[in-house]
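Q: Quick check, what structure comes out for this input:
(chains A and B)
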2 protein chains.
Amino acid sequence: MVETIQWTDSGVVMIDQTKLPREITYVTCRGYLEVADAIVTMVIRGAPAIGVAAAMGVAIGALHADPDRMDEEMEGICTVLAGTRPTAVNLFWAIGRMKRLYASLRGRPVEEIRAALVAEAQRVKEEDIEINRSMGRHGAELVPDGKTVLTHCNAGALATAGFGTALGVIRAAVEAGKKIDVFADETRPFLQGARLTAWELQQDGIPTTLITDNMAGWFLRQGRIGCVVVGADRIAANGDVANKVGTYSVAVLAKENGVPFYVAAPVSTLDLTLASGDRIPIEQRPGKEVTEVFGVPVAPEGIAVQNPAFDVTPSRYVTAIITERGVARAPFEESLRRLSQQAELAE
Amino acid sequence: MVETIQWTDSGVVMIDQTKLPREITYVTCRGYLEVADAIVTMVIRGAPAIGVAAAMGVAIGALHADPDRMDEEMEGICTVLAGTRPTAVNLFWAIGRMKRLYASLRGRPVEEIRAALVAEAQRVKEEDIEINRSMGRHGAELVPDGKTVLTHCNAGALATAGFGTALGVIRAAVEAGKKIDVFADETRPFLQGARLTAWELQQDGIPTTLITDNMAGWFLRQGRIGCVVVGADRIAANGDVANKVGTYSVAVLAKENGVPFYVAAPVSTLDLTLASGDRIPIEQRPGKEVTEVFGVPVAPEGIAVQNPAFDVTPSRYVTAIITERGVARAPFEESLRRLSQQAELAE
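A: Below you'll find the predicted structure:
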């Protein structure tokens, strides 16, 4: 399996997800501004992967920061990275973690601080893979054997440090011997399903069928889909889930057809400061993502476009939320708070 | 407004809908095989437009048929044209109408037969525009003022001989002075919404916003959409509606959010021989429509694809069916039969 993001001596190396699967190329970010740009332009995307990138961005920023103005520069670095994308909370979680570590090292020699931040960023990455493995173990049990799993967007190895959240559940179910195949929504406008999920699962030899987003409802109605598994960008205290635009529609259609709808996300995706999903900020992306495909225009010039990158699925459509600590079910206020407190105890 | 299809001395001239809006080019079909090919490759598409094309295809076939083997040739022409696409019933309706006329002229001089068939094909076209105008009058009253109308695919002038079914309702509402704007689903894979609906409405100066299909649910949830209006390819006796894939999803999401869901279609779209939509044949189109956009690959090579061109919306999600004879509501068995009998009386 390809590496989504790596810390190397020459910088933070990421596979360029804007070019997949047509070209397998890598981008090397030599400073935090290049990391920020990679997040904004979706060279790297997916809530957990953005978290890892932000942690590495803080670390590489620290390496180049002026030791005499370290506090101000670190503040600036974190502000820039936090401003890249508004919806996925893992970004803010990772930056917060790096900030806390930095604060705890105040007064130590600069080389020690830098080494500690680099090590922490690498730890964020390594932990993410472990978390996904654990999520996979919990989620695999929920996947009906002998049926099709429907997924939306890419919540795979490419959206994380490796293994994946939703695709981690699918991989773990396959590893456990379940005979399943996957239907992947292409996920317009950025085509994460067609370009990334289809490619990832094809490389793993997991049978995968590509469909357009508007076909998902029709296949949910045919009885072939055993469950839906998706990732998440932010989950509110009541279990409302912000995820790639189109997730809400799939959730409604799953419920209408009696198909379980599962969300796989690490505890770092929980934002218990928000009572519901109503106040999760929804990023608007450039209209060109809709009007052009790989630079080819597909709509008349000058047409108005809406391009919200995410939507919010009310928790009443969510059958369960799969985390690395276990599976949360309704009432989510209670189950998510419990999982979140377990995480704090463990830290 | 551009002409979708015209009968000319050099043949049947169609605007090439595979190239819009990037290129405005016309295809001239000089024989019935070229008309059949234009339907298969979607140079012309949309249930009513396919009906007009088929009628003109029969007429142009008759012009070139061997007078000594007229019966066999006409049979072959009709069989080829009927084999082009399976779902839209208007195709079979138009061919049936031409066949009945031909049968009624048996024994007449070949030039008289040919002239009658050509005149009939042109009448099918002219009537279609009148029908759409009438549908527009009935439908305009249902469109809430001051809100947004959501539509899926292209049920516009380009899908008909002119004015459109669903877009005809929108045009009539605008003509009646209603302050509305339109959200157009891009309608993957063929992008009829992005390429055709957005272009048509832009030319008319009707404010239109393009969205991807997977955003429709999210906007239905925001309260901005006053109603959904779509076309239809075939409507069963119980009111189940076959239409462009994705229609079912939009209908479920509209109902879930209390938004009326209207279908605009001529009486020729009714297929009362089918008790329900379960036995409407659903065309599978080539996988390349999903894996390529204007020839640019958007998915890994060798990935499996499903590409049903249509889906069936159960009538319980349909608020009303708008026809040229009036508006049908549940119970649809009764209301549709009544409308259909009115049509027969009038013919």
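Q: Scan chain A for its longest helix.
A: When chain A is parsed with DSSP state H, its longest helix is helix A:110-140.
Q: In chain A, what helix or strand scores lowest on average pLDDT?
A: For chain A, counting by mean pLDDT, DSSP states H and E, helix A:332-346 ranks last in confidence among helices and strands (a mean of 85).
Q: so what secondary structure elements neighbour it?
A: In terms of contacts (3 or more CB pairs under 8 Å, 6 or more residues apart in numbering or on different chains; DSSP states H and E), helix A:332-346 is packed against strand A:270-271, strand A:320-323, strand A:326-328. Bear in mind the C-beta positions are built from the backbone N, C-alpha and C, glycine included.
Q: Highest mean neighbour count out of those strands?
A: strand A:320-323 (a mean of 26; mean count of other CB atoms under 10 Å in any protein chain shown).
Q: list the helices and strands that one packs on?
A: helix A:110-140, strand A:261-264, strand A:326-328, helix A:332-346.
Q: picking that back up, pull out the buried positions in the least confident helix or strand of chain A.
A: A:332, A:335-336, A:339-340, A:343 (16 or more other CB atoms under 10 Å in any protein chain shown).
Q: which helices and strands does the longest helix of chain A pack with?
A: Checking 3+ CB pairs under 8 Å, 6+ apart, helix A:110-140 ends up next to strand A:5-8, helix A:47-64, helix A:90-104, helix A:166-175, strand A:261-264, strand A:320-323, strand A:326-328.
Q: Turn the ones you listed into TSV, including mean pLDDT.
A: Listed next are the helices and strands packed on helix A:110-140 as TSV, based on pLDDT from 0 to 100:
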stretch	mean pLDDT
strand A:5-8	98
helix A:47-64	98
helix A:90-104	98
helix A:166-175	98
strand A:261-264	98
strand A:320-323	98
strand A:326-328	98
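Q: can I get the helices and strands packed on helix A:332-346 in a markdown table with distance to residue A:52?
A: Listed next are the helices and strands packed on helix A:332-346 as a markdown table, based on distance: least, CB to CB, whole Å:
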| stretch | distance to residue A:52 |
| --- | --- |
| strand A:270-271 | 18 |
| strand A:320-323 | 18 |
| strand A:326-328 | 23 |
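Q: Not counting its neighbours along the chain, what's nearest residue A:237?
A: Of all residues not flanking residue A:237 in the chain, residue A:272 sits nearest, at 4.5 Å (CB to CB, 6 or more residues apart in numbering or on different chains).
Q: same check, this time on residue A:33
A: In this structure, residue A:33 finds its nearest non-sequential neighbour in residue A:80, 6.9 Å apart by CB to CB, 6+ apart.
Q: Kindly report the residues of the stretch 101-250 of chain A close to chain B.
A: A:152, A:183, A:185-189, A:191, A:194-195, A:198-199, A:202, A:207-219, A:221, A:245-246, A:248-249 (CB under 8 Å from any CB of the partner chain).
Q: change it to 7 Å
A: A:186, A:188-189, A:191, A:194-195, A:198-199, A:202, A:208-218, A:221, A:245-246, A:248-249 (CB under 7 Å from any CB of the partner chain).
Q: Could you spell out which stretches of chain A belong to which domain?
A: As assigned by automatic domain parsing, chain A contains the domains A:5-130, A:133-346.
Q: Show the pLDDT at the residue of chain A positioned farthest from its centre.
A: Going by CA atoms, centre = their mean, the residue of chain A most distant from its centre is residue A:68, 35.9 Å out. At residue A:68, the model reports a pLDDT of 96.
Q: And what about it, helix, strand or coil?
A: Secondary structure for residue A:68, judged by DSSP: H, G, I helix; E, B strand; the rest coil, is helix.
Q: what's the spacing between it and residue A:111?
A: 14 Å (CB to CB, to the nearest Å).
Q: One more: residue A:66?
A: 14 Å.
Q: Same question for residue A:293.
A: Remark: distance between residue A:293 and residue A:111 (CB to CB) = 48 Å.
Q: ok so, going back, what about the helices and strands packed on strand A:320-323, which gets the closest to residue B:100?
A: strand A:261-264 (51.0 Å; CB to CB).
Q: Please identify the pairing partners of that closest one and their relative orientation?
A: Sheet pairing of strand A:261-264 (DSSP bridges) gives strand A:225-230 (parallel), strand A:320-323 (parallel).
Q: Now do residue A:64 against residue A:102, distance only.
A: 15 Å.
Q: List the contacts of residue A:265.
A: A:165, A:231-232, A:235, A:321, A:323 (CB atoms under 7 Å, 6 or more residues apart in numbering or on different chains).
Q: For it, which non-adjacent residue is spatially closest?
A: Of all residues not flanking residue A:265 in the chain, residue A:232 sits nearest, at 3.9 Å (CB to CB, 6+ apart).
Q: Could you tell me whether the one you found really is in a strand?
A: No - applying three-state DSSP, one finds residue A:232 to be coil, outside a strand.
Q: Backbone dihedrals for the residue in the stretch 1-150 of chain A that chain B sits nearest to, both of them.
A: Nearest residue of the stretch 1-150 of chain A to chain B (CB to the nearest CB) works out as residue A:21 at 4.3 Å. Here is the backbone geometry of residue A:21 (degrees, to the nearest 10): phi -90, psi 10.
Q: Next, count neighbours for it.
A: By other CB atoms under 10 Å in any protein chain shown, the residues close to residue A:21 number 21.
Q: same deal with residue A:112?
A: 10.
Q: How much space separates it from residue A:77?
A: Distance check for residue A:112 against residue A:77: by CB to CB, it reads 18 Å.
Q: check contacts around residue A:52.
A: Here residue A:52 is in contact with A:5, A:94, A:124-125, A:128, A:161 (criterion: CB under 7 Å, 6+ apart).
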